[in-house]
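Peer 1: Predicted model and sequence below, questions to follow.
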Amino acid sequence: MPTIKLTSKRQATFPVEVCKALNLHTGDEVDLDLHVHQGQKEWVLRPKHSQKRAWLGALRRYSRQAKGDHSMDTIRQSIERGRA
């Protein structure tokens, strides 16, 4: 069974097999959930992978800042004007 040893600063190094199983990489965060099972505290580790949002704002360059009207038709027209 893999073990984790804490430093004096409460830092921990995860064994390679744990990182591979959780698909963890340098800089990733891990969520910890406390569960009580048969009177014993158990911690569940879940990788907290940031959502890749490369698409966020990708169409901004095509938009023409429609004032007040954010209907799909207006958005589509604005994108079409930006492409022209």
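Peer 2: Nice, I can see it. Numbering: from 1, shown residues only.
Peer 1: Give me the below-cutoff pLDDT ranges for the chain.
Peer 2: Residues of the chain meeting the criterion pLDDT under 70: 49-54, 56, 61-68.
Peer 1: That one: helices as residue ranges?
Peer 2: 16-22, 72-83 (DSSP state H).
Peer 1: between the ones you listed, which gets nearest to Q40?
Peer 2: With respect to Q40, and counting by Cβ to Cβ, the nearest of those is helix 16-22 at 20.3 Å. Just so you know, the C-beta spots here come from the backbone N, C-alpha and C atoms, and that holds for glycine as well.
Peer 1: Okay, buried residues for the closest one please.
Peer 2: Along helix 16-22, these residues count as buried under the neighbour rule (16 or more other Cβ atoms under 10 Å): C19.
Peer 1: what's the offset of it from the middle of its chain?
Peer 2: Centroid separation for helix 16-22 versus its chain: 18 Å, with Cα atoms, centre = their mean, to the nearest Å.
Peer 1: Leaving aside the residues adjacent along the chain, what's closest to P47?
Peer 2: L22 (4.9 Å; Cβ to Cβ, 6 or more residues apart in numbering).
Peer 1: I should have written E29 there, sorry.
Peer 2: What sits nearest to E29 in space, not counting adjacent residues and going by Cβ to Cβ, 6+ apart, is K48, at 4.3 Å.
Peer 1: Make sure the one you found is actually in contact with G27.
Peer 2: No. In terms of Cβ atoms under 8 Å, K48 does not count as a neighbour of G27; the distance is 11.2 Å.
Peer 1: Which of these two has more residues huddled nearby?
Peer 2: Counted by other Cβ atoms under 10 Å, K48 and G27 do not tie: K48 has more neighbours, with 11 against 6.
Peer 1: Which residues are in contact with the more buried one?
Peer 2: Contacts of K48 were listed using Cβ atoms under 8 Å, 6 or more residues apart in numbering, and they are 28-31.
Peer 1: let's see 10 Å
Peer 2: K48 makes contact with 24, 28-32, according to Cβ atoms under 10 Å, 6 or more residues apart in numbering.
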